[in-house]
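Asks: Got a sequence here, can you build the structure:
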Amino acid sequence: MSTLTGKRVAFLATDGFEDSELTSPWGALSEAGAELVMVAPGSDPISGKNGHEQPVDLTTSDADAADFDALVLPGGVVNADHLRMDADAVRFARDFFAQHKPVGAICHAAWILAEADVLGGRKLTSYPSLRTDLVNAGAVWEDAEVIVDAGLVSSRTPDDLPAFNAKVVEEIGEGRHSGQTA
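Replies: Residues are numbered from 1 along each chain as shown. As a prediction, this is how the structure comes out:
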């Protein structure tokens, strides 16, 4: 049996995502046995900034965090900026914290968490240009390959994907985290 058999994981993205920050965690979680669902604001396939096309399984307006065990947020400037302006996407992300479920965010994806107002006192990392935004949202920001804070896994760039993927698989395998709160 694979590590994550029986776990249902949502990926939340839209056009402009960083291709490897979606495809690499997707591959790692699939290999670990998780059922993966692509959630986006619209139902049409989404395109990464380098051309990867990803079919959409569920729209943010129909998505409910209660139906999932964890959430993964790929980065990409355009992707993250558009998602933080989508009220349903922000609600969906916030609900994972309210339900104490693991969340992985890489690169610019932490913008969505700032918009969801779930970073107060949380330790995380991101692409360095987000530091001030995240600190202003109440986070304790560090420049590190990967940081885990009670179910929240964060990394900086595609260079960090091996460490990010390993920790996301580990945290999802552990399940709910009482420290993961909205």
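Asks: surely Thr181 meets Gln99?
Replies: No. Counting by Cβ atoms under 8 Å, Thr181 does not reach Gln99; the two are 9.4 Å apart. C-beta here means a position set from N, CA and C on the backbone, and glycine is covered the same way.
Asks: So which residue is dead centre in the protein?
Replies: Centroid-nearest residue in the chain: Leu73, 2.2 Å away (criterion: Cα atoms, centre = their mean).
Asks: Distance of it relative to Gly6?
Replies: Separation of Leu73 from Gly6 (Cβ to Cβ, to the nearest Å): 22 Å.
Asks: show me what contacts the closest residue to Val140 other than its chain neighbours?
Replies: Among residues not flanking Val140 along the chain, Lys123 sits closest, at 4.5 Å (Cβ to Cβ, 6 or more residues apart in numbering). Contacts for Lys123 (Cβ atoms under 8 Å, 6 or more residues apart in numbering) come out as 139-140, 142, 147, 149.
Asks: repeat for Asp86
Replies: Asp86 neighbours (Cβ under 8 Å, 6+ apart): 14, 41, 60.
Asks: Run a quick neighbour tally on the last one.
Replies: Neighbour count for Thr60, taken as other Cβ atoms under 10 Å: 22.
Asks: Give me the phi and psi for the residue nearest to it when sequence neighbours are not counted.
Replies: Nearest residue to Thr60, sequence neighbours excluded (Cβ to Cβ, 6+ apart): Asp88, at 3.7 Å. With angles defined as degrees, to the nearest 10, Asp88 sits at phi -70, psi -40.
Asks: Let the chain start at 16 from now.
Replies: With the count now opening at 16, the last piece we talked about shows up as Asp103.
Asks: which residues sit in contact with Asp103?
Replies: For Asp103, the contacting residues are 56, 74-76, 78, by Cβ under 8 Å, 6+ apart.
Asks: for Pro143, same thing?
Replies: Neighbouring residues of Pro143 by Cβ under 8 Å, 6+ apart: 158, 171.
Asks: per-residue confidence at it?
Replies: For Pro143, the model assigns a pLDDT of 97.
Asks: gap between it and Val54?
Replies: 27 Å.
Asks: now Pro117
Replies: Distance of Pro117 to Val54, computed by Cβ to Cβ: 16 Å.
Asks: Compare those two (neighbour count), which wins?
Replies: Neighbours per residue, other Cβ under 10 Å: of Pro117 and Val54, the larger number sits with Pro117, 28 against 22.
Asks: Quick check on that one: phi, psi?
Replies: Dihedral pair for Pro117: phi -60, psi 140, per degrees, to the nearest 10.
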